[in-house]
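Peer 1: what's the 3D shape of this:
(chains A, B, C and D)
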2 protein chains.
Amino acid sequence: MNSLGEKIRAMRESKDILLRQVAAYLEIDTALISKIERGERRLTREQVIKLANYYNVTDEELLTLWLSDKLLDTIENEPFAMQGLNKAKTILKTLI
Amino acid sequence: MNSLGEKIRAMRESKDILLRQVAAYLEIDTALISKIERGERRLTREQVIKLANYYNVTDEELLTLWLSDKLLDTIENEPFAMQGLNKAKTILKTLI
DNA sequence: ATTGATTTGTCTATTTGTGTCAAATTTAAT
DNA sequence: ATTAAATTTGACACAAATAGACAAATCAAT
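Peer 2: You can find the predicted model right below:
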């Protein structure tokens, strides 16, 4: 699962920005941002926030996708994925 | 968050089993199962399944707690935890 | 006080994650 | 068709996280 990669690729292409330029902004190798957009690698939390600024969207939007990707990663191929998600949600509610 | 640790401790104590015995069954050090029950360490997926058999409960029950603990771990201290959970759930539904 | 059970702290090995670099491939312009 | 830039791929390096062992300390019940 790779919602965030697709999102940042779409935003980059809609603004006609090169991978090279995003890479420079994040101070990482171009190869790495390429892999990230295609879901082969993941952004760090700090990079997500930098990209939200770069593309003028809220932290919330990108961090939510980023978290969701991580969660889906954790439960992928798990037979009780939905049960786990529901239990986590129930417990989270009690913590707020 | 440590639902599974609490659960397996409760089951062990209700049956008057020693940490030493559970450790032997799982073929790990007693110190490790002690840490696991107190939430300092995590079980592997295989160990969860072995324990479900050991305590005569379903895989589903323990794997759900195990997954939920992992998910809560991922989102702890995240401001958009609930949003991430909801998005993951929505996407998961589309995958089924 | 002694013994058995549990916990705590430290250390090690393995795995996973983040990154680079060079080479290969794709895309676009001439 | 040729070339040049952009992107992708694969191999490697380093760092951080994880699973585990072991020894010593603490706790509980005689």
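Peer 1: Ends of stretch A:22-40, what's the gap?
Peer 2: Criterion C-alpha to C-alpha, to the nearest Å; first-to-last residue distance in stretch A:22-40 is 17 Å.
Peer 1: Now do the same contact list for the residue positioned nearest the centre of chain A.
Peer 2: Nearest residue to the geometric centre of chain A (C-alpha atoms, centre = their mean): A:Trp66, 3.0 Å. Under the criterion of C-beta atoms under 8 Å, 6 or more residues apart in numbering or on different chains, the neighbours of A:Trp66 are A:4, A:42-43, A:45, A:48, B:84. In short, each C-beta sits where N, CA and C put it, glycine included.
Peer 1: near DNA strand C too, which of those residues?
Peer 2: Filtering these for proximity to DNA strand C (criterion: C-beta under 7 Å from any atom of the strand) leaves A:Arg42.
Peer 1: ok, the contacts of A:Trp66 vs DNA strand C, which is closest?
Peer 2: The shortest distance between DNA strand C and any of the contacts of A:Trp66, using C-beta to the nearest atom of the strand, involves A:Arg42 and amounts to 4.1 Å.
Peer 1: Okay, buried residues for whatever helix or strand A:Leu67 lives in please.
Peer 2: Mapping A:Leu67 onto the secondary structure by DSSP states H and E places it in helix A:59-75. Buried positions in helix A:59-75, judged by neighbour count with 16 or more other C-beta atoms under 10 Å in any protein chain shown: A:59, A:61-72, A:74-75.
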